[in-house]
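Student: this one's structure only:
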């Protein structure tokens, strides 16, 4: 054992050195003092870092240099100036939990090896279900991302309506249909393909100018499907659409869904955080009657990815849906069974990364009150940014933000005069369409910030390229002002 | 910004304190000096750690104390004395990569934010495909676990045979059937349920005494299905069965699968590492003609979970299977497209944890030669343990290990005399069946080691409880000897 110990001391030194690098990365991200992106084309990357898999061992110093380069060449999603995807930021307390999780290399599986983690998961699910969603009964599962959490929702709905189809092919079923907003997330489509319903099973319901399902259109589509002998199985309501970040009209839609005996799933991956605010819940109080809820804690809160979960009001359905008889691993754990703690049968994978500790320690650090304040502050920052947009002639707000996403057009000076006269002219918009990629290109070259832009086509509304900036909880008003100024600086003279 | 910076310095101090705890945990695990498990019942856990979600913030010191307790109360899967699941151990270099991954909080998605990670993934897939599987063409994807990697295999097979069923329900298809060993992993069943084929679509083919599919039985079952108008879609061959750790007779089975035009998937999650050894590949050379291969780098190698991947010879099929048109995020990335690097359309989730860095840095540390040696040494350790078993009257080897799993019966002294006379007596075995849980219970109470036991029922062979010990690369001969002695010490006088 002597040699093992000697080698161990050595590796601890290595970790100590790496930790210096990590601290530097965290500090730079938090303070926004490093480039968000050190741009290289994929082709060019290999000129800056050696990506050959070596035949012989690499020295510690070479590995440290390599890690340093990975840090340099990676997009700093944790920078306060990163607004590109629907997540960002790193909280050191949550990060410390992730370090611990990786070090312990635990797993969620049977009680024998995961009782503490499963306890935490269950207490967390209980809090979310009872305190925020106002559900009495619950069970839940962590998944490896928001899409996977939505998949669990679809799976449960199928079992709920057609339990026998666990065993036999969904052949001979009436064809099922899944209803979602035309601006809902594409994971519904991916899930429908995966589960054998096919992409055509997704009915994208026409949505209003804000991107919310129009309840009358929803009912029309359902009736239309029934006429064609399809079975309306699931109503997916989006709480925080991908671009605009708005909530579907939950109360009105739920009433329609219930009327047709559908499973109602809330895709709250991006904006489920909103339901944690009392006044928002009140407006959407029929959430309390929905069947399942998907939530990504890592999206608005600055928790490391992934921290995704699916919670349902139906206590035994996860096990009913996914349980298969296994010849092994159902041994002595039986003695220690506690309600829903042994999760082997509830999930569709066995050993998996432990995600609960990240949100747990985060929650400890802020407390429930603190989490609510974080959410309110983030919305506040978005509203501050939107007020800057409204006051400035080169910017045009697309809709009032109710969450932390702000969508807006940017007009360089050269477009300002034309805008008055040509606002209804398609040609004008086709030209404006080219502006965001140019601004983005400049940003990326400088590495000063990153923000998403996109066009958006609805059945009734088409929008050429516009920016969508999101204010996750790590961003403050100073950061918002900086981002606003950068866009204007880079775009004004185009 | 002043306050943000001040808060930041504070949190770095916190991380510094946590790092001391991590180093201690790593050292204890490596040296095997701490308990593998500090056993508490789920009910009792809450007496030892405060699991209330607080309303108000928790102090740094309290959070550190909490993390310390989580460490104390968690099963030390990284301990050299942990043999319970099909993974274990922590390599500090790989762990450092995971720390960096969490700190950068990157994602695998579009080229814009993940070009470096996607480059690494592709180079890694290329190495595995071309060097070890002898595939010329390839594409691959990291998944959140071995089960999910197998799911990708099933999904691709379906698209390959019935591409139109991406859009429409699998209704009106001939019912499909999936063939696997009766000792294959249950993720095939979970996948079949998930994908709408139903659990009954899985045909568990009778296997021989070693747990390998019997080729003649396979062909009989296929023909039987065809007679019933079912479509044989997938042949799943297991490379490293869950309990015995053996490889199906790949060459013979592949020939049968090809004859019936089936997609051939290799579930190498547990034992795919074996194919990295030249002589093993030679024996199973038709791997070179198979369609997909699932591999968990984290299982034998001591890489933190998850590090799972699916690699296929079919270059465009991932995108064909999972691509859906998205209105957003397909903007300027187009300019930077390189073969298969932009993965949004290939996967069924968007943002996901970056797993490639863990295996990449591991590989750098050991080199390809080193990885091969690690695998050989682990097999060597298993063979050493099996030699101890064969030489000792209280132990009985079930089969010669060809990988790192050793399955054996343990007979306390009181069973030794009876064994001679009553070996064919069911009553004798029913009594022996109760012994492993007792030994395991003592181990867990002491916390000296953890090892799995199980019964195993095949169609033709039934086995009462026996131990299955696995030698991941972090275990050496001294550890093996220790484990052997512990089992005997705890069991001899029962």
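Tutor: Noted; the coordinates are in hand. Because the structure is predicted, anything quoted here is derived from the model rather than measured. Numbers count the residues shown, from 1 in each chain, chains lettered A, B, ... in the order given.
Student: report all helices and strands that the one helix or strand residue A:12 maps to contacts.
Tutor: Per DSSP states H and E, residue A:12 falls inside helix A:2-31. Judged by 3 or more CB pairs under 8 Å, 6 or more residues apart in numbering or on different chains; DSSP states H and E, the packing partners of helix A:2-31 are helix A:60-73, helix B:2-31, helix B:92-104. Every C-beta, even on glycine, is put in place using the N, C-alpha and C of the backbone.
Student: now the helix or strand immediately after the second one in the chain: how far from the chain's centre is it?
Tutor: The element immediately downstream of helix B:2-31 (helix or strand, assigned by DSSP H and E) is helix B:42-48. From the chain centre to the centre of helix B:42-48 is a distance of 30 Å (CA atoms, centre = their mean, to the nearest Å).
Student: can you name the residue of the stretch 151-300 of chain A nearest chain B?
Tutor: residue A:196 (2.9 Å; CB to the nearest CB).
Student: residue A:348: neighbour count?
Tutor: As a burial measure, residue A:348 scores 25 neighbours (other CB atoms under 10 Å in any protein chain shown).
Student: please name the nearest non-neighbouring residue to it.
Tutor: residue B:190 (4.5 Å; CB to CB, 6 or more residues apart in numbering or on different chains).
Student: re earlier: any idea which of the helices and strands packed on helix A:2-31 has the lowest pLDDT on average?
Tutor: Of all these, helix B:2-31 carries the lowest average pLDDT, namely a mean of 77.
Student: for chain A, where's the lowest mean pLDDT among helices and strands?
Tutor: helix A:2-31 (a mean of 78; mean pLDDT, DSSP states H and E).
Student: would you map the helices across the stretch 351-494 of chain A?
Tutor: Counting by DSSP state H, counting those that start in this stretch, one finds helices in the stretch 351-494 of chain A at the ranges A:356-391, A:413-422, A:426-432, A:435-446, A:477-491.
Student: circling back to that earlier point, now tabulate the helices and strands packed on helix A:2-31 in TSV and tack on distance to residue A:148 and mean neighbour count.
Tutor: TSV is the format used below for those (distance: least, CB to CB, whole Å; neighbours: other CB atoms under 10 Å in any protein chain shown):
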stretch	distance to residue A:148	mean neighbour count
helix A:60-73	26	17
helix B:2-31	29	16
helix B:92-104	19	25
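Student: so which of the ones you listed is nearest residue B:123?
Tutor: Closest to residue B:123 of the helices and strands packed on helix A:2-31 is helix A:60-73 (CB to CB; 13.6 Å).
Student: quick one: that closest one near chain B?
Tutor: Yes. Residues of helix A:60-73 contacting chain B under CB under 8 Å from any CB of the partner chain: A:62, A:63, A:66, A:67, A:70, A:71, A:73.
Student: residue A:484 - how many residues pack around it?
Tutor: 19.
Student: circling back: helices or strands up against the one helix or strand the residue nearest to residue A:348 maps to?
Tutor: Per DSSP H and E: residue B:190 is located in helix B:187-194. In terms of contacts (3+ CB pairs under 8 Å, 6+ apart), helix B:187-194 is packed against helix A:317-322, helix B:146-161, strand B:176-181, strand B:202-205.
Student: strands paired with the last one, and their directions?
Tutor: Okay, so that is strand B:202-205. strand B:176-181 (parallel) (DSSP bridges).
Student: give me the angle between the strand it pairs with and helix B:146-161.
Tutor: Computed by axes from the mean of the first three to the mean of the last three CA atoms, to 10 degrees, the angle separating strand B:176-181 from helix B:146-161 equals 140 degrees.
Student: for strand B:176-181, what is the distance to the chain centroid?
Tutor: 21 Å.
Student: what comes into contact with that strand?
Tutor: A:169, B:154, B:158, B:161, B:188, B:192, B:197, B:201-205, B:207, B:211-213, B:218, B:221-222, B:225, B:230-238, B:241, B:248, B:257, B:262, B:267 (CB atoms under 8 Å, 6 or more residues apart in numbering or on different chains).
Student: narrow those residues to those in helices?
Tutor: B:154, B:158, B:161, B:188, B:192, B:218, B:221, B:222, B:225, B:257 (DSSP state H).
Student: got TSV for those, with pLDDT too?
Tutor: TSV is the format used below for these (pLDDT from 0 to 100):
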residue	pLDDT
B:154	96
B:158	95
B:161	95
B:188	95
B:192	95
B:218	98
B:221	98
B:222	98
B:225	97
B:257	98
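Student: before we move on, the earlier item: pLDDT score for the residue of the stretch 151-300 of chain A closest to chain B?
Tutor: Listed pLDDT for residue A:196 reads 93.
Student: could you find the closest non-adjacent residue to it?
Tutor: Per CB to CB, 6+ apart, closest to residue A:196 is residue B:196, 2.9 Å.
Student: and for the spatially closest residue to residue A:390 that is not a sequence neighbour, the neighbour number?
Tutor: For residue A:390, ignoring the flanking residues on the chain, the nearest one in space by CB to CB, 6+ apart is residue A:397 at 5.5 Å. As a burial measure, residue A:397 scores 17 neighbours (other CB under 10 Å).
Student: how close does residue A:397 sit to residue A:432?
Tutor: Using CB to CB, to the nearest Å, residue A:397 is found at 15 Å from residue A:432.
Student: before we move on, what about residue A:359?
Tutor: With CB to CB as the criterion, residue A:359 and residue A:432 are 41 Å apart.
Student: what's the answer for residue A:390, then?
Tutor: As judged by CB to CB, residue A:390 and residue A:432 stand 19 Å apart.
Student: residue A:395 too?
Tutor: From residue A:395 to residue A:432 the distance is 13 Å (CB to CB).
Student: quick one, what contacts residue A:438?
Tutor: A:491, A:494.
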